[in-house]
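# Dropping the sequence and predicted coords here.
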Amino acid sequence: MYKTHHGAEFDHTRLSLSHMRLAETHTALLLYGTQTAQVMPDADGQRPRGTDPATTPRSDTALRQLALKNYALAHRDELTGLSNRRHFMAAVDRLIDGRLPHGLTLGLLDLDDFKLVNDMYGHPVGDALLISLASRLRQHLDPTAQIARLGGDEFAFVYQRGPHADMAQHRCDALCKALNSPHEVNGFTLPVTASIGFAHSPEMAATRTQLLKHADFALYDAKQTRKGTAVAFCASHQKCMQRQTTLQQAFACADLAHELKLEYQPVFDRLSGDLRCFEARASWHSKALGRLPAAAFLPLAEKSGRVSEVSKMLLHKALVAAQHWPDSISLAFTLAGQEISAPHHMERMTRSVTDFGFDLHRLILQIPDSKTVWQTPVALDILQALRARGVRIALDKFGAGQASLSMLATAPLDIVNIDRTLIKTKAGAPPSAVFKMLCDLCQALGLDTLSKGITTEADYRAAEIAGVVAVQGSLFQTPMHSPAMAKT
C-alpha cells in the first residue's frame with residue numbers, strides 16, 4: 001500500500017490487476033465487435049427482410065456470450081480454466097513494462113514423474129490430477145497472482161513482490177507443501193510431488209525471455225537434485241548456465257565421430273579372479289574444452305535429440321574393439337534412459353550388433369536406475385524382448401536412483417550394479433546392513449551383483465563379506481584405451 005502526494009492510499013498490486021482485467025475486457029469487446037457486422041442495403045436501398053434494426057431486435061446478450069466464449073478459447077486452458085500460455089506471456093510483459101516498485105517473481109512448476117501416472121492409471125486420471133493441481137494453485141497463491149497451465153503438466157505463476165524479498169522462498173516452500181499432499185482423484189490416492197523453480201525481476205532478469213529461462217533452469221536444478229522442493233535462481237545458477245551454454249555451443253559444432261572416445265575397465269569374478277567383461281566408458285575430447293566425462297555431454301545429447309546418434313557411434317567403436325577379445329569376454333555398454341523407450345532404436349541397435357557378427361549373448365546393456373525406465377510398461381517390454389534374444393540386462397548404479405527393492409523381483413534383470421556409495425566403509429568396519437541385505441536379496445532372486453568403484457582394501461573386504469559376485473575399480477585395474485588381448 002502506498003500514498004499519493006495528496007495522502008490518498010492505493011495498492012499497486014490491485015491497480016495492476018485492474019489494468020490487466022481492463023485489457024481483457026477490451027479484447028473481449030473487440031471480439032464482440034467483429035461479430036456485429038453491418039448488413040448492407042440491396043440495390044434498391046432496402047435492407048433484406050428481417051435485418052432492419054428498426055424492426056428486428058438485436059440479440060446483444062447472445063453476441064456478448066459468443067464474444068466471451070471466443071475470448072475464453074483464445075486465452076484460457078480448456079482443461080483447468082487457468083490462463084493459457086498466450087495470455088500468461090502477455091501478463092508477464094505487462095508486469096515487466098509496469099516497472100513495479102519491488103519487481104516480480106515468476107515461478108515454473110511441474111509434477112515429478114507425471115508420465116507414470118498416465119501410464120499406470122490412464123489419461124482420465126492424469127487429467128483429473130491436473131485439475132486438482134490447478135485448484136490447489138488457486139487456493140494457495142495470492143488472488144493477485146496470474147496462474148497458467150503452459151501445457152502438459154507444466155504450470156506457471158507470476159506475482160508482484162513486496163518489500164521483503166526473502167518472502168518469495170517462504171511462499172514457494174509453502175506452495176510445494178500444499179501441492180505435495182496426496183491428491184484424491186477418481187477413487188485413487190496419488191502421492192505425487194511438484195517441483196518449482198522461480199526467479200526474480202529485475203535483479204536477475206530484465207526481460208520476459210530471461211526471466212523464463214532463469215526460472216526454467218532453477219526448476220531443472222530442483223528436479224535433478226531436490227525433487228518436490230522450490231529452488232530460487234541464484235548467482236551459482238548463472239555461472240552454470242554460462243558453462244552450459246559454452247558446452248552446448250562446443251557440442252553443436254563438434255566432430256563427434258573423432259572426438260568421442262572409449263576406455264574399457266575390466267570386471268572380475270570375485271571368487272576366481274577371472275576376467276568377466278569390459279565396461280565401455282565414454283568421454284568427449286573437445287578441441288576447445290578438453291576431456292569431458294559422459295556425465296557432462298550425454299545430457300547435451302539428450303536435450304539436442306542426438307542421443308541415438310551418439311549411442312550408435314559409441315557402440316560401433318566398442319564392437320570394433322570387442323571383436324579382438326576372446327569369446328568368453330563380454331561387452332558392457334551403457335544406454336541412456338531415453339533410448340529404452342524407443343522400440344525402433346532398440347531394433348536398429350540389435351540389428352547392428354548381429355550384422356557386425358557379435359554374439360548378443362556377449363552383450364550386457366547397462367540401464368540407469370530411473371523410474372522413467374523401470375516403471376514404464378513400454379520400456380519393460382523392450383527389455384524383456386532383448387533378454388529373449390540373449391542380451392543380458394544390468395540395472396546400473398542401484399541405490400543412487402529411484403528403483404525399489406520390490407522391482408528387483410519383477411523387472412527383466414540379470415545383473416545389479418550396486419552404487420559405490422553403498423559400498424564405502426571405514427577401514428576394518430563391516431559392510432553396511434543395506435549393502436549386505438541387498439546382496440542376499442539378489443542372490444535369492446538369482447541375480448548377479450557387481451560392486452563398482454572399489455578403490456581400497458576396505459572396500460574389497462566389505463564386498464567379500466557381503467557376497468558380491470563381481471568387482472570393479474581402480475584397486476584392480478584403471479580404464480584402458482584398448483585392451484590388448486588375443487582372440488581364442
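Nice, I can see it.
# Based on its surroundings, how many neighbours for residue 482?
By other C-beta atoms under 10 Å, 11 other residues sit near residue 482. Heads up, the C-betas are built off the backbone N, CA and C, glycines and all.
# Same question for residue 210.
15.
# before we move on, what SS does it have?
helix (DSSP: H, G, I helix; E, B strand; the rest coil).
# Residue 202 versus that one, what's the distance?
According to C-beta to C-beta, to the nearest Å, residue 210 stands 10 Å off from residue 202.
# what's the answer for residue 167, then?
Counting by C-beta to C-beta, the gap from residue 167 to residue 202 is 17 Å.
# again, but for residue 289
Distance, residue 289 to residue 202, by C-beta to C-beta: 33 Å.
# what about stretch 167-174, average pLDDT?
For stretch 167-174, mean pLDDT rounds to 92.
# Now do the same for residue 45: its pLDDT.
On pLDDT, residue 45 comes in at 43.
# Go ahead and confirm residue 91 touches residue 146.
Yes. Counting by C-beta atoms under 8 Å, residue 91 touches residue 146, with 4.5 Å between them.
# buried stuff in stretch 81-93?
For stretch 81-93, burial by neighbour count (16 or more other C-beta atoms under 10 Å) applies to 82, 83, 84, 87, 88, 89, 90, 91, 92.
# cool, stretch 104-122 as well?
Using 16+ other C-beta under 10 Å as the test for burial, stretch 104-122 gives 104-119, 121.
# For the helix or strand hosting residue 458, which helices and strands make contact with it?
According to DSSP states H and E, residue 458 maps onto helix 457-466. If contacts are counted by 3 or more C-beta pairs under 8 Å, 6 or more residues apart in numbering; DSSP states H and E, helix 457-466 sits against helix 433-444, strand 448-451.
# can you do 6 Å?
Where contact means 3 or more C-beta pairs under 6 Å, 6 or more residues apart in numbering; DSSP states H and E, helix 457-466 is packed against helix 433-444.
# distance between the helix it packs on and the chain's centre?
Helix 433-444 sits 31 Å away from the centroid of its parent chain (C-alpha atoms, centre = their mean, to the nearest Å).
# How about that helix, which residues are buried there?
Buried residues in helix 433-444, counted by 16+ other C-beta under 10 Å: 435, 436, 438, 439, 442.
# same question, stretch 385-392
Residues of stretch 385-392 classed as buried by neighbour count (16+ other C-beta under 10 Å): 386, 391, 392.
# what's the first-to-last distance across it?
End-to-end distance of stretch 385-392: 11 Å, with C-alpha to C-alpha, to the nearest Å as the criterion.
# now that stretch, how far from the chain's geometric center?
Taking C-alpha atoms, centre = their mean, one finds stretch 385-392 lying 28 Å from the centre of the chain it belongs to.
# So for that stretch, mean pLDDT?
Averaging pLDDT along stretch 385-392 gives 94.
# Over to stretch 241-260?
The pLDDT scores in stretch 241-260 average 93.
# So what touches it?
Contacting residues not belonging to stretch 241-260 are listed as 217, 284, 285, 286, 288, 289, 300, 313 [C-beta atoms under 6 Å, 6 or more residues apart in numbering].
# export those to a markdown table and tack on distance to residue 379 and neighbour count?
Shown next, in a markdown table, are those (distance: C-beta to C-beta, whole Å; neighbours: other C-beta atoms under 10 Å):
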| residue | distance to residue 379 | neighbour count |
| --- | --- | --- |
| 217 | 28 | 20 |
| 284 | 26 | 24 |
| 285 | 31 | 13 |
| 286 | 31 | 17 |
| 288 | 35 | 10 |
| 289 | 32 | 16 |
| 300 | 22 | 20 |
| 313 | 23 | 17 |
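# quick one: which of those residues is nearest to residue 275?
residue 313 (25.9 Å; C-beta to C-beta).
# just checking, what packs against the helix or strand where that closest one lies?
Using DSSP H and E, residue 313 sits in helix 307-322. Counting by 3+ C-beta pairs under 6 Å, 6+ apart, the packing neighbours recorded for helix 307-322 are strand 260-269, strand 330-334.
# contacting residues for residue 334?
If you count contacts by C-beta under 6 Å, 6+ apart, residue 334 has them with residue 366.
# State the distance from it to residue 90.
Distance, residue 334 to residue 90, using C-beta to C-beta: 45 Å.
# One more: residue 131?
Residue 131 sits at a distance of 24 Å from residue 90 (criterion: C-beta to C-beta).
# Run the chain-centre distance for the host helix or strand of residue 134.
Applying DSSP H and E as the criterion places residue 134 in helix 123-140. Chain-centre distance of helix 123-140: 20 Å, with C-alpha atoms, centre = their mean.
# Show me what that helix is in contact with.
Residues contacting helix 123-140 (C-beta under 6 Å, 6+ apart): 80, 82, 117, 118, 147, 175, 178, 179, 183, 185, 186, 190.
# got a list of what the fifth one touches?
So that's residue 147. 82, 137, 157.
# Pairing partners for it in the sheet, please.
residue 157 (DSSP bridges).
# So, low pLDDT: which residues of the stretch 151-300 of the chain?
Along the stretch 151-300 of the chain, the parts satisfying pLDDT under 70 run over 163-166.
# At which residues are the helices of it located?
For the stretch 151-300 of the chain, the helices defined by DSSP state H, counting those that start in this stretch occupy 167-179, 208-225, 235-252, 256-259, 294-303.
# Backbone dihedrals for the residue nearest to residue 212 when sequence neighbours are not counted, please?
Distances taken as C-beta to C-beta, 6 or more residues apart in numbering place residue 106 nearest to residue 212, at 6.9 Å, with adjacent residues excluded. The phi/psi pair for residue 106 (degrees, to the nearest 10) reads phi -120, psi 130.
# so residue 106 touches residue 210, yeah?
No. Here residue 106 does not reach residue 210: they are 10.3 Å apart, not a contact under C-beta atoms under 6 Å.
# which ones are touching residue 172?
Per C-beta under 6 Å, 6+ apart, neighbours of residue 172: 196, 198, 230.
# Let's see that with 7 Å instead.
Applying C-beta atoms under 7 Å, 6 or more residues apart in numbering, we find residue 172 in contact with 107, 196, 198, 230.
# The residues you listed in strands, which ones?
If you go by DSSP state E, these have 107, 196, 198, 230 in strands.
# Which strand residues bridge the first one?
In other words, residue 107. Under the criterion used (DSSP bridges), residue 107 bridges to residue 157, residue 198.
# re earlier: of the buried residues of stretch 385-392, which is the nearest to residue 323?
residue 391 (17.5 Å).
# what about the nearest residue to residue 362 once chain neighbours are set aside, neighbour count?
Nearest residue to residue 362 in three dimensions, chain neighbours excluded: residue 330, at 4.7 Å (C-beta to C-beta, 6+ apart). Neighbour count of residue 330, defined by other C-beta under 10 Å: 20.
# Same question for the one 10 residues further on.
Neighbour count for residue 340, taken as other C-beta under 10 Å: 25.
# I'd like to check which residues are in contact with it.
By C-beta under 7 Å, 6+ apart, the contact set of residue 340 is 367, 373, 379, 382, 383.
# Check what pLDDT it gets.
For residue 340, the predicted pLDDT is 81.
# what's the answer for residue 14, then?
pLDDT, read off for residue 14, is 41.
# Same question for residue 411.
Reported pLDDT at residue 411 in the predicted model: 88.
# Quick check: the gap between it and residue 336.
Distance from residue 411 to residue 336, by C-beta to C-beta: 18 Å.
# what does residue 317 give?
Noted for residue 317: a distance of 16 Å to residue 336, by C-beta to C-beta.
# the more surrounded of the two?
Comparing residue 317 with residue 336 by other C-beta under 10 Å, the one with more neighbours is residue 336, at 19 against 16.
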